[in-house]
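Novice: here you go, sequence then predicted model.
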Amino acid sequence: MGLTGSQAEESPGSDRRWPVLRSFAGYRAPFIGPDLIAGVTLAAIAIPEQMATARLGSLPPQFGFFAFIAGTFAFLLFGSNRRMSVGADSTITPIFAGTLALMAGAGSPQYIALAAALALMVGAIVLVAGALRMGWIADLLSVPVTTGFLAGIAIHIVVSQTPGALGVAPVAGGLPHRIAQLWAEAPSANLYALAIAAGVLALSVGAHAVSGRLPGPLIGLGLATWAVVALGLQGRGVAVLGGVQGGLPRFALPTASPDTYLPLLPLALLIALVVMVQTAATARAFPPASGADPDVDRDYIGLGAGSVLSGFFGSFPVNASPPRTAIVVGSGGRSQLSGLAAVAIVALLLAFGAGLLTHVPKAALSGVLFFVALRLVRIGQMRDVLKASGAEFVLIVLTAAAIVVLPIESGVAVGIGLSLLHGVWSGARAKIRLMHNLPGTTIWWPNSAAAQDDSPPGPVVLGFQAALSFLNADAFRRQVLHAAHVDQGDVKLLILEAAGVIDIDFTAAQVFKALVGDLRTAGVTFALARLESVEAQRAFTRFGLRDLVGEDHIFDSVADAVAALKA
């Protein structure tokens with residue numbers, strides 16, 4: 001049977017041999033039409049979003065276009081995902097904007113130079129991570145922590161854009177202070193600016209509800225600009241972008257002094273981590289149609305090259321965009337030709353249509369960013385986490401609160417720390433389970449939670465479903481001794497069903513030796529069954545545990561152990 005169209009260009013391994021332009025492996029002429037249509041749709045979404053994101057970063061709007069051109073073109077050359085959209089992104093922009101503002105005046109030439117230097121550093125880090133195949137780094141942030149992180153970023157975006165929507169001067173300071181200041185200035189809001197922001201937001205939300213492919217933000221931006229010109233709203237206090245510098249980006253080294261790079265390193269590492277997490281999430285959300293695993297490491301190389309090129313264009317770091325990628329997929333895009341078509345439209349706007357942006361009201365861009373912020377808040381996911389795990393919902397709340405209350409880069413670091421602590425805590429609280437023999441079979445199965453304290457007749461069989469490590473070794477020993485009733489002396493045979501033990505570290509091995517000694521002193525025969533993990537088997541031999549337990553007390557199944565040792 002022949003391959004279908006989508007399978008033909010995405011068959012497993014069909015593009016792994018390509019050093020560049022992997023998106024075009026197996027490309028066919030019938031794909032050109034869908035790609036061009038997807039490119040026009042992508043441009044309609046990206047134009048207002050890239051302008052608004054640049055403004056979020058306290059940079060001129062054309063720098064958002066530069067980032068989009070750089071990110072898309074570099075990913076087209078070096079990335080793997082066929083439909084991933086890369087460019088300026090509102091997730092990472094608030095993180096670096098606050099820090100750079102402490103080092104230079106927002107929007108000043110020094111500030112712009114620092115943003116370009118940061119792009120080079122972030123790009124280099126992500127490039128190296130891809131070359132070293134470090135895609136596993138994306139797993140450092142759990143889903144609850146990522147959800148809380150995005151919610152906190154959304155709050156930052158809303159607060160940062162509220163002055164533009166109200167038509168009042170921007171406020172400085174920490175987020176709680178800025179919220180209090182905005183509350184105090186709300187009565188003096190410019191109602192025209194407020195109406196523009198609310199209108200663009202409502203139109204964006206409504207268009208998205210009808211179809212994700214409708215360019216609501218662009219339509220809203222166009223109508224708002226028409227209203228400013230036709231009704232003379234600029235004379236009524238509505239601020240506009242003013243002159244937007246046209247022309248295509250020029251390749252040049254950032255002008256930041258060499259001694260500024262080292263202070264930027266912690267921020268660059270933080271942003272690179274966020275970029276890698278979001279890129280991996282996007283690649284996994286939109287995998288190849290063939291069902292093959294996405295090549296996340298190769299996508300890192302494409303993203304890293306995008307940020308490096310953006311830095312040489314004088315712009316800021318780029319990131320993968322899940323919403324824009326969804327637009328490409330929903331519009332029928334088959335390759336990065338869709339991104340290239342969008343870049344061509346943006347380049348034409350820069351070269352010949354920059355004057356059209358002069359009367360775009362800043363309040364309209366605030367409305368676009370309000371819409372972006374709404375899409376960052378994953379209410380459905382929060383509800384699912386709350387239903388399934390109250391403790392993990394607390395992680396969402398704590399991460400969001402840290403990003404809101406602390407400086408944003410510190411809040412992100414706290415979120416990463418919470419994610420790692422949660423992983424450690426989950427491993428440390430692993431528990432043994434009493435097991436029973438299913439009647440009429442040789443299968444031993446964990447008891448229900450309600451029956452964990454009941455000691456079954458005959459041999460005690462315990463299951464443990466985690467790696468044995470320094471995190472849980474002492475708790476494991478205490479639980480086994482408790483289950484063996486060593487103080488009562490009524491248990492003569494204890495079998496550890498070790499199918500879930502995937503590894504053993506040095507500390508756990510020492511505790512395991514002490515445990516076997518305690519059981520023997522109490523007159524309990526100890527046996528091991530179903531140690532299946534190759535890593536655990538090697539550790540068992542390497543640490544001398546196999547000799548300690550004895551080959552005649554190590555079995556392939558619990559049934560074999562019971563049959564051999566029950567007497």
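Specialist: Structure received.
Novice: okay, CA-based contacts and neighbour counts for the rest of this
Specialist: Fine.
Novice: the closest residue to residue 331 other than its chain neighbours: what's it in contact with?
Specialist: Nearest residue to residue 331 in three dimensions, chain neighbours excluded: residue 38, at 4.9 Å (C-alpha to C-alpha, 6 or more residues apart in numbering). If a contact means C-alpha atoms under 8 Å, 6 or more residues apart in numbering, then residue 38 has 327-329, 331-333, 338 as its contacts.
Novice: include neighbour count when you put these into TSV, please.
Specialist: Shown next, in TSV, are the contacts of residue 38 (neighbours: other C-alpha atoms under 10 Å):
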residue	neighbour count
327	24
328	29
329	19
331	21
332	18
333	28
338	32
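Novice: can you tell me which of those residues are in helices?
Specialist: If you go by DSSP state H, the contacts of residue 38 have 327-329, 338 in helices.
Novice: rewinding a little: what pLDDT does the model give the residue nearest to residue 331?
Specialist: Note for residue 38: predicted pLDDT of 92.
Novice: against residue 47, how distant is it?
Specialist: To residue 47, residue 38 is 14 Å away according to C-alpha to C-alpha, to the nearest Å.
Novice: what comes up buried for the helix or strand hosting the residue nearest to residue 331?
Specialist: Assigning secondary structure by DSSP states H and E places residue 38 in helix 32-56. By 16 or more other C-alpha atoms under 10 Å, the buried positions in helix 32-56 come out as 32, 34-56.
Novice: cool, and stretch 165-183?
Specialist: 165-168, 171, 175, 178-179, 182.
Novice: now do the stretch of helix or strand residue 70 belongs to against helix 32-56, angle only.
Specialist: Using DSSP H and E, residue 70 sits within helix 61-78. Relative orientation of helix 61-78 versus helix 32-56 (axes from the mean of the first three to the mean of the last three C-alpha atoms, to 10 degrees): 140 degrees.
Novice: check which element follows helix 61-78 along the chain.
Specialist: For helix 61-78, the following helix or strand on the C-terminal side (DSSP H and E) is strand 85-87.
Novice: just the CA atoms of the next helix or strand after that following strand, as PDB, please.
Specialist: Next helix or strand after strand 85-87 toward the C-terminus (DSSP H and E): helix 93-103. Extracted C-alpha coordinates of helix 93-103, given in PDB (Å, rounded to 0.1, in the frame of the first residue of the first chain):
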ATOM      1  CA  THR A  93       9.600  38.900  27.000                       C
ATOM      2  CA  PRO A  94       8.400  40.000  30.500                       C
ATOM      3  CA  ILE A  95      11.200  38.000  32.100                       C
ATOM      4  CA  PHE A  96      14.000  39.800  30.400                       C
ATOM      5  CA  ALA A  97      12.300  43.200  30.200                       C
ATOM      6  CA  GLY A  98      12.300  43.800  33.900                       C
ATOM      7  CA  THR A  99      15.900  42.800  34.400                       C
ATOM      8  CA  LEU A 100      17.200  44.800  31.500                       C
ATOM      9  CA  ALA A 101      15.300  47.900  32.700                       C
ATOM     10  CA  LEU A 102      17.400  47.700  35.900                       C
ATOM     11  CA  MET A 103      20.600  47.800  33.800                       C
END
